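**Q** need a 3D model of the following:
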Amino acid sequence: MHSNGKEKVVVEVVAAHNLMPKDGEGSSSAFVEVEFENQRQKTQVKHRDLNPVWNEKLVFHVNDVADLPYRTIEVNVFNERRSNNSRNFLGKVRVSGSTIAREGEEMPQLYTLDKRSLFSHVRGELSLKLYLSTKEEVKQVINGGGTGAVVSGGGGSGGVVSKKNKKMQHQSGNMVVPKQMGSGQENNKMGLGLQNNHGHLKPVEPGPGDIKPVVITTVPGPVTPTSGGGAAVSHHGGVNGGGGHFRGGFCNDYALKETSPHLGGLNNDKTTSTYDLVEQMQYLYVRIVKARDISVFGGGGEVVAEVKLGNYKGITKRVSSGHAEWDQVFAFSKDTIQSSVVEVFVKENNNKDDFLGRVWFDLNEVPKRAPPDSQLAPQWYRMEDKKGDRSNPKCSELMVAIWFGTQADEAFAEAWHSKAANVHLDGLCSIKSKVYLSPKLWYLRVGVIEAQDVLLGDKGASMNMMRYPELFAKVQVGNQVLRTRIASPTASRSLANPTWNEDLLFVVPEPFEDYLLISVEDRLAPNRDELVGRVILPIGNIERRFDDKFVVSRWYNLETHESKSAVRFASRIHLRASLEGGYHVLDEATMYSSDVRPTAKQLWKPHIGVLEVGILGATNLMPMKIKEGKGGSTDAYCVAKYGQKWVRTRTVVDSLAPKWNEQYTWEVFDPCTVISIGLFDNSRVDKSPTGRDTRIGKIRIRLSTLETDKVYTHAYPLLMLHPSGVKKMGELHLAVRFSCANMFNVLHMYSMPLLPKMHYVQPLSVSQLDGLRYQAMNVVSSRLSRSEPPLGREVVEYMLDHDSHMWSMRKSKANFLRLTSVLSWFVAMTRLVETLMTWRKPVYSTLFLIVFTVLVLVPELIIPCGLLTLATMGMWRYRCRPRHPPHMDTRLSYAESVHPDELDEEFDSFPTNRTAEIVRMRYDRLRSVAGRIQTVVGDMATQGERFQALLSWRDPRATFLFVILCLIAAFGFYLVPIRWVVTFGGWWYLRPPKFRNKLPSSVVCFFKRLPTNADSML
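**A** Numbers count the residues shown, from 1 in each chain. Modelled structure (predicted):
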């Protein structure tokens, strides 16, 4: 069909992202079907790909361009099922004709896939281009078994797909898929327009590297190079280039996957026994120590040393030529070595092409070293000049040490890595692995008792005839400020002697650098206070206590406004201050605590075990940023927190499948604790060191769920909740082992209190704990941000779950479902009793009556039989016990079926910044939910008040009947043995239906007629 000059609608299907797996094997074979004005076309099928790329143009006739804004385009995504020649629904998009652009003005738009019905399971996004064109031609569809092949009738841009090419495509094991940009709010940063709640689209200019091809092979094999510079990814998980380490398919689901990496402890190599939970990584280490006898033209100047290995190049810092000492180590990954010779040059700082001397080494002659061997001693090497001559006695000498080693080498942490060659100098310090220690935190308790002989200020004294002084005490420690209540006047004390008797709690870190500032102020007017007197105390001089012993109070003189003049007496304040070492300062959420020891080290008990974590790597990470000329990339690093010890892995630059293979160890003092491991994108690698590191995901592992001395190797899904829904950001591969020397000590911990003794002797209120936890988090984040490299506040807040107390409709529904699941056993027992009562299963009802009668007549068997039943159930369930640690569950978190507006409310700031209409709608929704809760609470109060009305004589006739019945029942129970009463009651309760009446019993009727206080409510 040739062009007739009329405009046609072109729907260019670009790609899809994060589709729902529907083939039963964790993937989908997706194709897109577009319908417009009774015309239907579809794309080719992308087999077993959750992130397919089509880049196909579908052209449609337009009857009337003027009516186009009133037309809609239906776009459906399906999964092809080749077994029975059917298809599954993956999502749909409905596009208004008013959004169609003119040719040359088209831009890719990102649409969120919608459900077809209430019960559809849909996720993902679809990228489309829609525009009008007079050049494109409508293609004729060839029915080819659902492949959607099309043939052009002229010179259009669509290609011809023959049967032979189609057959070769099915036989080929390679598919090209994109490295998609991050979803949710990250898409807005990367040049993709998201669809808002009203269906309007914000077109944006796509980045130069939005879609980058990656070759996925169906079998493990060598890396297949791509013309676009994309990395080769194995279909069995991870990026090739280091061995088939991770087991698990290339699927984007939320399940935990068991992996089988080649850990160091699984082979017979004893040199890797220290790092037996990580894979061995070989590095070439080059240590440049110093140089001597360097002759620089003109004398003086600065020189640098340059290490060159193939295409990789590392440069030392600039030093003076008269004192050329560097002492820097360079590490080159053995997997990336492309040369057989390593060269070391010494150059002038301002001369990049010429060199002063050179030393080279043959890699075949480089020795190998493995700890615990001592470090290799550096040696002096005579450098050759530009002509390659080193026989001249005036040639300079360079002290160098070179060896092959692993990540267990001492020089690994401080070495410059070859993959960080493009990192600017200021960002190099932020990519190294470090271990941080949280400061030891104390609770500071300040008891403000009273003050004596307080002299009012000048303003307060002038107003004294017209008002009573409103005196209060303000206590400040660093940025923490607390105030007492205003002292109320009493008949026994004068206005100059106020009393408060209040305890104020603060969080202070060691070493004690702050001062305790106590001031007495007078409230002249709202937001207008006048200082009356103050006292400053060093925190280091305050008494420390480890139990609930009484602390002696002391009087302190206040510095008043008349301190410089001669006065006969001074104002005083009565204080009781102590540093509480018997408490554990909570800096993280109580349910995720990693340490419950008291502050005072004298109260610590010996550790009961050791936790070892091998951080292997990550796979299938989402690109978090766009770099010029490289497209989407991620500079990922891991942070693990357990107790006071924080660890940070090195940053792997520009990799969506980083490998760290770093192992860390913690002492365990309580098995019922949690380790948190988070993944972040390093923003300081770029030239904007003031940026905030972006969250990628976090996992938690409770130690009590781990078996002793067992190595758990799993790939944990990194799930993040975005305003558009839950997104999988990648997978984190870990090897975890919890070992203990004495199992009796571990079992004994289960009988000990969870928190130290002081939490039960002098408990703190919930509001106090919340405020103190917030202050502790501020102290920890400020201390860790002063380290080098600093651990950002955003990282500390995310690891400590600072926003876990914020309101969320999603969390409320999830907690309600958790409560429903906990009470499900009660519902099941109620249904079982109902089944026995109705005699639907006569055999079971008869057996239950026999067992019930035997237990009542022989009550000594009740407790043993109950305990034996519980033990039997526990042993029976041992065979189906969990085999892997728990992970983030999207269904338990109610994240898969949450309403978009509820997510938007959860991500809203506090106080809100939404419009008044949205706030009003959410307030009305909250009122409706609260109304239902109010009704339930009222019904529960009604039942309780009816019990109270039995003896309150509020209804005299009902209380009279109850008293008479109690007297008759007392004589009856005295005369008849209790076992016969229980037996008769059980038989009466379980009588067959033919002996029952459908009306409620007299007892229930009597109870429901009792009065309640609901009659007196307004």
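**Q** name the helix or strand of the protein that has the lowest mean pLDDT.
**A** Among the helices and strands of the chain, strand 213-217 carries the lowest confidence by mean pLDDT, DSSP states H and E, at a mean of 31.
**Q** can I get the CA coordinates of stretch 634-646 in PDB?
**A** Extracted in PDB, the C-alpha atoms of stretch 634-646 (Å, rounded to 0.1, in the frame of the first residue of the first chain):
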ATOM      1  CA  THR A 634      25.500   2.800  39.700                       C
ATOM      2  CA  ASP A 635      28.300   3.300  42.100                       C
ATOM      3  CA  ALA A 636      27.200   0.900  44.800                       C
ATOM      4  CA  TYR A 637      28.500   0.200  48.200                       C
ATOM      5  CA  CYS A 638      27.200  -1.800  51.200                       C
ATOM      6  CA  VAL A 639      26.700  -0.800  54.800                       C
ATOM      7  CA  ALA A 640      26.200  -3.400  57.600                       C
ATOM      8  CA  LYS A 641      25.300  -2.400  61.100                       C
ATOM      9  CA  TYR A 642      25.300  -4.700  64.100                       C
ATOM     10  CA  GLY A 643      25.800  -3.400  67.600                       C
ATOM     11  CA  GLN A 644      28.300  -0.500  67.800                       C
ATOM     12  CA  LYS A 645      30.200  -1.700  64.700                       C
ATOM     13  CA  TRP A 646      29.300  -0.300  61.300                       C
END
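**Q** neighbours of residue 845, just the number please.
**A** 17 (other Cβ atoms under 10 Å). From N, CA and C alone the C-beta is placed, and that goes for glycine too.
**Q** check the offset of the strand or helix carrying it from the chain's centre.
**A** Using DSSP states H and E, residue 845 falls within helix 842-857. Helix 842-857 sits 52 Å away from the centroid of its parent chain (Cα atoms, centre = their mean, to the nearest Å).
**Q** what of stretch 314-334?
**A** 39 Å.
**Q** what of stretch 114-131?
**A** Centroid separation for stretch 114-131 versus its chain: 27 Å, with Cα atoms, centre = their mean.
**Q** and the end-to-end length of that stretch?
**A** 22 Å (Cα to Cα, to the nearest Å).
**Q** return the set of buried residues in that stretch.
**A** Judged by neighbour count (16 or more other Cβ atoms under 10 Å), stretch 114-131 contains these buried residues: 122, 123, 124, 125, 126, 127, 128, 129, 130, 131.
**Q** any chance of those residues in CSV, with pLDDT and secondary structure too?
**A** Formatted as CSV, these follow (pLDDT from 0 to 100; DSSP: H, G, I helix; E, B strand; the rest coil):
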residue, pLDDT, secondary structure
122, 83, coil
123, 84, coil
124, 86, coil
125, 87, strand
126, 90, strand
127, 88, strand
128, 90, strand
129, 89, strand
130, 89, strand
131, 88, strand
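**Q** looking at the residues you listed, which one is closest to residue 737?
**A** residue 123 (35.1 Å; Cβ to Cβ).
**Q** returning to what we had before: packing partners for the helix holding residue 845?
**A** Helices and strands touching helix 842-857, by 3 or more Cβ pairs under 8 Å, 6 or more residues apart in numbering; DSSP states H and E, are helix 824-838, helix 978-989.
**Q** tell me the spacing between the residue nearest to residue 588 when sequence neighbours are not counted and residue 596.
**A** Distance criterion Cβ to Cβ, 6 or more residues apart in numbering; nearest residue to residue 588, sequence neighbours excluded, is residue 800 at 4.6 Å. Counting by Cβ to Cβ, to the nearest Å, the gap from residue 800 to residue 596 is 15 Å.
**Q** higher neighbour count, these two?
**A** residue 800 (22 against 19).
**Q** which residues does the more buried one contact?
**A** Taking Cβ atoms under 8 Å, 6 or more residues apart in numbering, we find residue 800 in contact with 587, 588, 589, 641, 777, 780.
**Q** the last one sits in which helix or strand?
**A** Secondary-structure assignment from DSSP H and E places residue 780 in helix 766-784.
**Q** show the end-to-end separation of stretch 478-486, please.
**A** Start-to-end, stretch 478-486 (Cα to Cα) is 23 Å.
**Q** surely residue 862 and residue 851 touch.
**A** No. Residue 862 is beyond contact range of residue 851, at 10.8 Å (criterion: Cβ atoms under 8 Å).
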